[in-house]
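**Q** The following comprises the amino acid sequence and a computationally predicted model.
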Amino acid sequence: MTPTKTLLALFAAAGLTACSQPAPEQTVTEAQHGAKEMLNSHAEMLASHDYHSFSNPEQVVVKHLALDLNVNFDTNIISGSATLDFSKVDPAAEQLVLDTRDLTISSITANGQPLNYTLGEASDHMGAPLTIDLPAEGTSLTIEYATSPDASGVQWLTPAQTAGKEHPFLFTQAQATHARSFVPLQDSPQVRVTYEATIHTPKELLAVMSAANDPNTARDGEYHFNMPQPIPSYLIALGVGDLQFKPMGERTGVYAESAMLDAAAKEFEDTESMLIATEKRYGPYSWDRYDLLILPPSFPFGGMENPRLSFITPTVIAGDKSLVSLIAHELAHSWSGNTVTNATWRDLWLNEGFTTYLTYRIMEIIYGEDRFNQEAVLGYQDLQADVDSLEEGDEILAIDLRGRDPDDVFSNIPYEKGALFLREIEQKIGRDNFDAFLMGYFKHFAFQSITTDEFLTYLQETLLKQYPEQLSQERIQQWIFTPGIPEGAPVPQSDAFAIVDQARNNWLNGEVMAADIDTKAWTTHQWLFFLNNLPEQLSAEQLAELDAALGLTKSTNNEIAHSWLMHVVRNWYEPALPRLYDYLTHIGRNKLVKPLYRELAKTEKGKAFGKKAFEEAKPGYHPLTVKANEGFFE
Ligand SMILES: CC/C=C\C/C=C\C[C@@H](O)/C=C/C=C/C=C\[C@@H](O)CCCC(=O)O
Ligand SMILES: [Zn+2]
């Protein structure tokens, strides 16, 4: 966004609504009083800026997008037109600024007449601004364009990289700043658009989008979509493949290649119950249907909350529903993230912290308190590991992302620290009271994009007034603006882990053999707790004993295999190296492969092994997984 927007935001802040970030020690009230002085502060000016968009929605805002696109699997190019309906916020505005990355623009017209435009210089992680002179008449313009075969937000898979091996596959991943690599638009989560699309594909393939999908549509290579609710650009998504559909409930179903359709529908059969349970606690589901699209294993994330159609990694199909918290998470985003959205990537914790909090709650409702406690402890340990390894600045919920690529800063902080913060409030005021607050919050900000400040102002007006004895402004500021886990924060506990601790200690002390540990009734979470809390240094004999007794190298649960393989790498346990190689070359989910590559890169032989696996896997990895790992082997 242009600097002008910052100034406007600060004038607004003198009011004060949103966009400014008070210093950690300030209270919101002080921040409000101080808003006028902030106008003179360059640093504060920068802090209110969406650093990750060139666009100028404070002058001209795009309201609706109509796409007509051709998906070409021979050239790996998406091409066609984007028609943007805009509205002038500033009546004197003469230009519309859009975000692009590696797009070829062939024409821009309005009312059949060409418009002048300039495509600016591309910068590191921002792409290039596209500045268009607005037409004298009308509020709509059409851009003819084509994507690059290397578009950062698109992955093209050959038939060999799919489950069916017969047809190619394409999927997009727009969060955080990759929508601009397949559509020219105002790529800031502050801007919400409705959209419609016509997608042309090879006839034998089906296209699906983050919009209304018709499972019974004729497979004729031309598909029409409509998203009537305004969504931020990072939620625009497209998938194309040899897809089938299977219903799971009245409002839920799954799209997948036929090879995994039944397994996915079985694994995720509780989705409908999750949807009903979440509505009961947090208010009506606003998006009509909730379906899942199961992607090939190269999908770089666990899931992506694309509205009406979450994109899901197949790595969570474990056969025993042990990893389905991912579905609860993506579903929860229908409230936190998709209905109430972070206004900038600095505010990501508003999306992910609330969603992670809801995830735990949904899991507890559907699978019980015992599972909730186990998942909460594992989440807390992930958070602690990040707090131990990250720079202090990166442990702050309202993180400073100036000049940084959001993809490089991804961590558990907005997720687990955000959720823990909310759990503390819940514990202080009572669960039912907090649920009522959340329901009100989702309603109050429905279909809006908000900053951390707007959240704080809302909190000030609601919970802080209602519960002055239980909550304080200082404590809330500490959670949001200071690093680490605040002292006195809730610490999740699970009784189910006590026997695991005991088994591990007894084995490490030589009191029992691994073969004598009674693991028959262990849950996946107990296995993870056992493995994640073993000492880093283990001897080859110890690893061999564990493996022989517990069958770890053979584990088909991708999370358990990951935790085991971390020990394999750290201790260079040779019998499991073929399994490690296979794992790295068949899975592209960054959360599962990056820690292994990072660990491999620490030794010479590990580096050689990792480089070989990475080079072999690279053609099948998503651009984001390549970007996240290539640095280990340069
Ligand atoms: C502290 C980070 C602050 C800002 C980063 C902003 C955006 C992060 C961006 O790079 C993209 C994130 C996409 C996430 C999608 C899904 C995740 O929930 C997946 C989590 C990992 C996994 O389960 O595989
Ligand atoms: Zn999420």
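**A** Sure, I can see it. Numbers count the residues shown, from 1 in each chain. Ligands and ions are numbered 1, 2, ... in the order given.
**Q** if I look at the residue in the stretch 451-600 of the chain that ligand 1 sits nearest to, how far off is Ser555?
**A** Relative to ligand 1, the nearest point of the stretch 451-600 of the chain is Lys591 (3.6 Å; CB to the nearest ligand atom). (Each C-beta comes from the backbone N, C-alpha and C, glycine too.) From Lys591 across to Ser555, the span is 17 Å (CB to CB, to the nearest Å).
**Q** So for these two, which residue has more residues nearby?
**A** Neighbours per residue (other CB atoms under 10 Å) separate Lys591 from Ser555, with Ser555 holding more: 21 against 18.
**Q** Where does pLDDT dip in the protein?
**A** The model of the chain has pLDDT under 70 over residues 1-48.
**Q** right, and the secondary structure at Gly239 would be what?
**A** Look at Gly239: counting by DSSP: H, G, I helix; E, B strand; the rest coil, its state is strand.
**Q** tell me the domain boundaries of this protein?
**A** Domain segmentation of the chain under automatic domain parsing yields 3-47, 60-330, 342-481, 496-633.
**Q** mind checking which of these is nearest Pro490?
**A** Pro490 lies closest to domain 342-481 among those, at 5.2 Å (CB to CB).
**Q** near ligand 1 at all, the closest one?
**A** Yes - applying CB under 6 Å from any ligand atom, one finds domain 342-481 in contact with ligand 1 at Trp345, Leu348, Ile399, Leu401, Pro406, Asp407, Val409, Phe410, Ser411, Ile413, Pro414.
**Q** so what's Leu141 up against?
**A** By CB atoms under 8 Å, 6 or more residues apart in numbering, the contact list for Leu141 reads Thr83, Leu84, Phe86, Leu96, Ile108, Thr109, Ala110, Leu115, Ile132, Leu134, Pro135.
**Q** meant to ask about Ala263, not that
**A** So Ala263 contacts Ile317, Gly319 (CB under 8 Å, 6+ apart).
**Q** Run a quick neighbour tally on Ala385.
**A** By the criterion of other CB under 10 Å, Ala385 has 15 neighbours.
**Q** contacting residues for it?
**A** Taking CB under 8 Å, 6+ apart, we find Ala385 in contact with Asn412.
**Q** how far away is it from Leu348?
**A** Distance from Ala385 to Leu348, by CB to CB: 19 Å.
**Q** now the closest residue to ligand 2 within the stretch 451-600 of the chain, nearest residue through space, not along the chain?
**A** As assessed by CB to the ion, ligand 2 sits closest to Lys591 within the stretch 451-600 of the chain, at 11.8 Å. Distance criterion CB to CB, 6 or more residues apart in numbering; nearest residue to Lys591, sequence neighbours excluded, is Gly302 at 6.5 Å.
**Q** quick one: that neighbour from Ile327, how far?
**A** 10 Å.
**Q** Secondary structure element holding whatever residue of the stretch 1-150 of the chain ends up closest to ligand 2?
**A** Closest to ligand 2 within the stretch 1-150 of the chain is His52: 17.7 Å, counting by CB to the ion. Counting by DSSP states H and E, no helix or strand carries His52.
**Q** Let me see the contact set for it.
**A** Applying CB under 8 Å, 6+ apart, we find His52 in contact with His125, Met126, Ala176, Thr177, Asp187, Ser188, Thr344, Trp345, Leu401, Pro406.
**Q** The fourth one and Met126 touch, don't they?
**A** In other words, Thr177. Yes - assessed by CB atoms under 8 Å, Thr177 is found in contact with Met126 at 7.4 Å.
**Q** What residues sit buried inside the helix or strand where Leu261 lies?
**A** For Leu261, the host element (DSSP H and E) is helix 258-267. Under the neighbour-count criterion of 16 or more other CB atoms under 10 Å, helix 258-267 has Met260, Leu261, Ala263, Ala264, Ala265, Glu267 buried.
**Q** and which of those is nearest Lys607?
**A** Lys607 has its nearest neighbour among the buried residues of helix 258-267 in Met260, at 34.2 Å by CB to CB.
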